[in-house]
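Novice: this is a predicted model, with the sequence first.
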Amino acid sequence: MSDWLWTSADMVEAMEGRPFGTLPAGITGISIDSRTLKGGEAFFAIKGDLFDGHDFATAAMAAGAGLLVVNESRLPALGNLKVPMIVVEDVLEALTKLGIASRERSTAQIIAVTGSVGKTTTKEALRHVLADSGKVHASVASFNNHWGVPLTLARMPADTDYGVFEIGMNHHDEIRPLVKMVRPHVAMITLIAPAHLGHFANLEEIAVAKAEIFEGVVPGGYALLNRDDKRFKQLEELAEKAGVEHIVTFGENARSDYRLREVKMHPTCSCMTVRIGSEEAVVKVGVPGRHIVQNMLAVLGAAHLVGADMAKVAIAMVTLTAEGGRGARHVLEHPDGGSFTLIDESYNANPTSMRASLSLLQATPPEGPRGRRIAILGDMLELGRQSGKLHADLARPIVDAEVNVLYIGGREMSVLKNALPVEIHVEYRQSTDELLPLVMKAVRPGDVVMVKSSKGIGFSRIVKALTNQFPPVVPAE
């Protein structure tokens, strides 16, 4: 069968496992979640912090798993299941070995993306714009850690033309082993910003940890750096130290290889004039936001370096859409007549992305005489001892964004309660549950509502409640 992702024989060899029962000729995919598993896929029974995949072996079998990959130590409890298995010493280690084998068999051009902000947005944009130039494989959601990266590698079809891998970290020495599996042709750092400061003393330390991505770049490969980043010189030196042969840059700086010459911002899109080498082009980006423009410069650079058709890339940028939690827009009907706009930025937050989201809110005008800009902001997590100051520093960006009403939640956001002009109506509640009913009653036609917080604060529930209560506006045909 030509559409096997892996033959069983190749899996056994790559993972150094042993077959138990009669294995199928091959499998069509790889799953670590019995709830989403599709028939014919291999189920890897990974043991995580909260759940052990071995406890869901029966569910995986019922869902139609082609085979199970299980630990030798759990075989006595699973041996009576009438499903073929590959038995290994450690399932996560076996998945890692399969990911390495996938990279070894691949002829794809590989891009690895890290940074303090913009990783997932950039990765998804690359997936979108490269699709017209070849077959693209990219990380799902934010599968960017010690199991997400090998899983994404193992899922990469052999005939992939472009592979895009997001690599994240919370500590030193987390990116290094992952990028050495991925072995990218292009390693990109979007920006160094104050995120994860609870685990690092300063931005310099964050840059050192992010720069581990250079250690996996293949011979002749590229480091793609933001020349406008305050940590650029440090990153450039670290890339050179890692032996990267080509260091290329993007940004507004006149020395950037992929240079932003001009940008025009609009409420629903952006237009940027970009110089690539000796050529200049105007590119429309289908997602608004000044921070998005910077990410799209990086996307153009990476696409160019891996040999994509740049005309097709530019055309594809027009149809970019924002992901849920990362700038997705909803125009919702209001029972009083008319509609309001909801901007969903609820997936994550740090000082840099918070400012970018407030700028996006400022660039989106309310409608009608009663429309307002409403910001719903929750705590930014993992900022360490600087957390209080970094939250207090949001007062000026909130004023600059011309926010009319501010709802804030979480312990750290309380510093803003009395820090804003009286013209801005402020409501503070410590928990999401306390804040939610206030928000639901407050929205009115013409409003622009932006929700932003770290994921752990749970403000995605506010977005869900709003989209459940207020139906979407159906565009006129």
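Specialist: Arrived safely, thanks for sending.
Novice: residues contacting L235?
Specialist: Neighbouring residues of L235 by Cβ atoms under 8 Å, 6 or more residues apart in numbering: I189, I192, A207, K210, A211, A223, L225, D229. Quick note: C-beta positions are derived from backbone N, CA and C, even for glycine.
Novice: outline the domain layout of this structure.
Specialist: The chain breaks down into these domains under automatic domain parsing: 6-90, 106-317, 328-469.
Novice: deepest-packed of these, please.
Specialist: Comparing the domains of the chain by mean neighbour count (mean count of other Cβ atoms under 10 Å), domain 106-317 ranks first with a mean of 20.
Novice: widest-spaced pair of the contacts of L235?
Specialist: I192 and A223 (13.7 Å; Cβ to Cβ).
Novice: what about the helices in the stretch 201-350 of the chain?
Specialist: Taking DSSP state H, counting those that start in this stretch as the test, the helices found in the stretch 201-350 of the chain are 203-210, 232-241, 290-305, 310-317.
Novice: CA atoms of the longest one as PDB?
Specialist: Looking back up the chat, that one is helix 290-305. What follows is helix 290-305, C-alpha atoms only, in PDB (Å, rounded to 0.1, in the frame of the first residue of the first chain):
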ATOM      1  CA  ARG A 290       2.200  45.500  13.500                       C
ATOM      2  CA  HIS A 291       3.700  42.500  15.300                       C
ATOM      3  CA  ILE A 292       2.300  40.300  12.600                       C
ATOM      4  CA  VAL A 293       4.200  42.300   9.900                       C
ATOM      5  CA  GLN A 294       7.500  41.500  11.700                       C
ATOM      6  CA  ASN A 295       6.600  37.800  11.800                       C
ATOM      7  CA  MET A 296       5.700  37.800   8.100                       C
ATOM      8  CA  LEU A 297       9.100  39.300   7.300                       C
ATOM      9  CA  ALA A 298      10.600  36.200   8.900                       C
ATOM     10  CA  VAL A 299       8.200  34.000   6.900                       C
ATOM     11  CA  LEU A 300       9.200  35.600   3.700                       C
ATOM     12  CA  GLY A 301      12.900  35.100   4.500                       C
ATOM     13  CA  ALA A 302      12.500  31.500   5.500                       C
ATOM     14  CA  ALA A 303      10.400  30.700   2.400                       C
ATOM     15  CA  HIS A 304      13.000  32.400   0.200                       C
ATOM     16  CA  LEU A 305      15.900  30.500   1.800                       C
END
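Novice: tilt between that helix and helix 310-317?
Specialist: Interaxial angle of helix 290-305 relative to helix 310-317 (axes from the mean of the first three to the mean of the last three Cα atoms, to 10 degrees): 150 degrees.
Novice: and helix 290-305, how far out from the chain's middle?
Specialist: Its chain's C-alpha centre and that of helix 290-305 lie 15 Å apart, by Cα atoms, centre = their mean, to the nearest Å.
Novice: what pLDDT, on average, does that helix get?
Specialist: Averaged across helix 290-305, pLDDT comes to 96.
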